[in-house]
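Chemist: I'll drop the sequence and a predicted model, then ask my questions.
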Amino acid sequence: MKSDVIKKGISRVGNRALLYATGVCARDMSKPFIGIASSFTDLVPGHIHMRGLERAIENGVYAGGGRPFVFGVPAICDGIAMGHFGMRYSLASRELIADEIETMAGAYSLDGLVLLTNCDKITPGMLMACARTNVPTIVVTAGPMLTGLYKGKRLDLVRDGFEAVGKYKKGEITKHDLHELEMNACPGAGSCQGLFTANTMSCITEAMGMSLAGCATSLAVSSKKSRIAFGSGERIVQLIKEGITPKKIMNKKAFSNAIMTDMALGGSTNTVLHLTAIARESGIDLSLDTFDKISRKTPKICDLRPGGEYFLEDLEAAGGMPAVLKRLSVMLSDNPTVSGPTIKEIAKAAVIFDEEVIRPLDNPYKEEGGIAILKGNISPEGSVVKQGAVDEEAMVFHGRAKVFDSEEKAMAEILKGGIKKGDVVVIRYEGPSGGPGMREMLSPTSAIVGMGLSNDVALITDGRFSGGTRGPCIGHISPEAYKGGPIAIIKNGDKIKIDIKKRRIDVELTNAEIKKRLKKWKQPKPNVTKGWLSRYARLVSSASNGAILTP
């Protein structure tokens, strides 16, 4: 066993003495050492219930014949970090999490890992780490939240929380309603109820074969989730015995299956960043064009919030991810999983309980997948839109630019009613390096939707969008403004055309005018000059490369 290096031999007397001080028994020295990386925190609703899941995983490890050790990693709730300086830490924390797990697995020569995660950047950070360490690993995603309820209507955080700000500003709801919505939108533990980034990552983690079958959609408050946690702890010991490591599962087929599943579900645009980064850690080159090619041939068969009306609990009741995989089985590549059965064997055994929540391939909600990659003179390296959450009438948008050099400036203008029909809101200097941290723009996009302008106003940014964003919103514009990308030279009043079907985004300027403006452009001073975010800003790559850290 890998852990023998810290627990076997005469020279390891001191090492063993320290391990015994933690409560390890002499008989434990012959067992595999299993690290349980937990992102438990009292600050994040998706993680507050993890203490119980930690215990379930521990019990499973003991039952399987291993010795568990819990250690922690940070967890950021994007919803709480949204709209202020704190969001700069969110994407950057993905790299911290990967580094911390690598550090713990390496320092203690752990034989295996169970990664307990849930929210937006924690899951991809953990997957990056397991590819990097390549010791047997199982991911346990802690499950979605129950829907909220107010006046007989089911609620979710984004549609009934963030978008309520715009509705209140427009006078559509009262202050009392606004208060009741914020009190009732999130009733307890779990990740937010729609197909936002957290739940999208959970679903594609299972589709990749890195979680036990049924894990992604099993609800946070369910006993099923506890059983899956126990089963994951038990199963990891067997994976160690069989020598099944992440890179044997996370191969090209797994990434193709993950992207296809993402497109069929209509998931978050953030998955483009995360899958690209995870693939690089796995030694696989994954280009933006791959996402678009798969999206072109994958029908969108689910209609989950924010773009649709179903919730994650509806997807769970319909059969969860195994049922989605069953629908896609003719298109999937067969591949091993941590469960034991292959991905196609899991799909074959699944049952679909609701033909409307998970539609047949020949009766999809949309003919193409949920995400599209756009290029043009604004984004030569590419940009991303959640086309599955864009109404047909807004798939082609022609408008005039209203330019803002930060999210805060844009939000102030939106809330005072300064954005009108036909505007293209341009928010720049929010990219991976310029932000730094590529902040999510859920607050401005939600305010625009809440004010009833979802099809009448477009928003483009070198920042990111939450999985909860809907409407003609194009993010990840690369190169970013801070690095001299063309988005940096757009001026108020410039005409911009977005054509999602043709995969184009362009400012109506001649090449000569663009070059002239770029020649006059000067890089602004950095927003952050101290702390680890300043180091992150210097090292982070373009969003088109997954916003990974580079030498």
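Modeler: Perfect, I can see it now. Numbering: from 1, shown residues only.
Chemist: what residues does the top strand by length along the chain touch?
Modeler: Criterion DSSP state E: the longest strand present in the chain is strand 396-404. Contact partners of strand 396-404, identified using CB atoms under 8 Å, 6 or more residues apart in numbering, comprise 410, 413, 418-419, 422-428, 457-458, 472, 490-501, 507. For every residue, glycine as well, the C-beta is placed using N, CA and C.
Chemist: mean confidence score for that strand?
Modeler: Averaged across strand 396-404, pLDDT comes to 98.
Chemist: do stretch 209-228 as well
Modeler: Mean predicted lDDT for stretch 209-228 stands at 98.
Chemist: in the stretch 201-350 of the chain, which spans are helices?
Modeler: 223-242, 246-249, 252-265, 270-281, 288-297, 312-317, 320-328, 343-349 (DSSP state H, counting those that start in this stretch).
Chemist: circling back: could you point out which element follows the longest strand of the chain?
Modeler: For strand 396-404, the succeeding helix or strand toward the C-terminus, using DSSP states H and E, is helix 407-415.
Chemist: I346 is in contact with G319, correct?
Modeler: No: in this structure, G319 is not within contact of I346 by CB atoms under 8 Å, at 11.4 Å.
Chemist: hmm, back to that, tell me which of the helices of the stretch 201-350 of the chain sits nearest to G166.
Modeler: helix 270-281 (22.3 Å; CB to CB).
Chemist: just list what that closest one packs against, helices and strands only.
Modeler: Under the contact criterion of 3 or more CB pairs under 8 Å, 6 or more residues apart in numbering; DSSP states H and E, helix 270-281 touches helix 88-107, helix 122-133, helix 197-208, helix 252-265, helix 288-297.
Chemist: tell me how far A279 lies from M126.
Modeler: 15 Å (CB to CB, to the nearest Å).
Chemist: more crowded one of these two?
Modeler: Under the neighbour definition other CB atoms under 10 Å, A279 and M126 were set side by side, and M126 has more, 30 against 25.
Chemist: list the contacts for that one?
Modeler: 37, 73, 97-98, 101, 115, 117, 139.
Chemist: equivalent analysis for K31, please.
Modeler: 65-67.
Chemist: thinking again about what came up before, just put the helices and strands packed on helix 270-281 in a markdown table and tack on distance to M183.
Modeler: Converted to a markdown table, the helices and strands packed on helix 270-281 look like this (distance: least, CB to CB, whole Å):
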| stretch | distance to M183 |
| --- | --- |
| helix 88-107 | 25 |
| helix 122-133 | 26 |
| helix 197-208 | 22 |
| helix 252-265 | 30 |
| helix 288-297 | 38 |
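Chemist: out of those helices, flag the one nearest I57.
Modeler: Nearest of the helices and strands packed on helix 270-281 (CB to CB): helix 122-133, 13.7 Å.
Chemist: just after the closest one, pick out the following helix or strand.
Modeler: Later in the chain than helix 122-133, the nearest helix or strand by DSSP H and E is strand 137-141.
Chemist: starting at the chain centroid, how far to that next one?
Modeler: Distance of strand 137-141 from the chain centroid (CA atoms, centre = their mean, to the nearest Å) equals 15 Å.
Chemist: what packs against that strand?
Modeler: With 3+ CB pairs under 8 Å, 6+ apart as the test, strand 137-141 has strand 112-117, helix 122-133, helix 197-208, helix 223-242 packed against it.
Chemist: sheet partners, orientation included, of it?
Modeler: Strands that pair with strand 137-141, judged by DSSP bridges, come out as strand 112-117 (parallel).
Chemist: ok, and what's touching the partner strand?
Modeler: Contacts for strand 112-117 (CB under 8 Å, 6+ apart): 32-40, 50, 53-54, 57, 61, 66, 68, 101, 105, 123, 126-127, 129-130, 133, 135-142, 229, 232-233, 236-237, 239-240.
Chemist: tell me the pLDDT at the residue nearest the centre of the chain?
Modeler: In the chain, the residue lying closest to the centroid (CA atoms, centre = their mean) is T197, at 3.6 Å. We have a pLDDT of 94 for T197.
Chemist: please tell me I have it right and it contacts D120.
Modeler: Yes: between T197 and D120 there is a contact at 4.2 Å, judged by CB under 8 Å.
Chemist: so what sits against both of those two?
Modeler: 78, 270, 467.
Chemist: out of those residues, which is nearest to I284?
Modeler: Of all the shared contacts of T197 and D120, I284 sits closest to N270, with 18.9 Å by CB to CB.
Chemist: pull the number of nearby residues for that closest one.
Modeler: 29.
Chemist: quick one, what contacts it?
Modeler: By CB under 8 Å, 6+ apart, N270 lies in contact with 120, 197, 200-201, 464-467.
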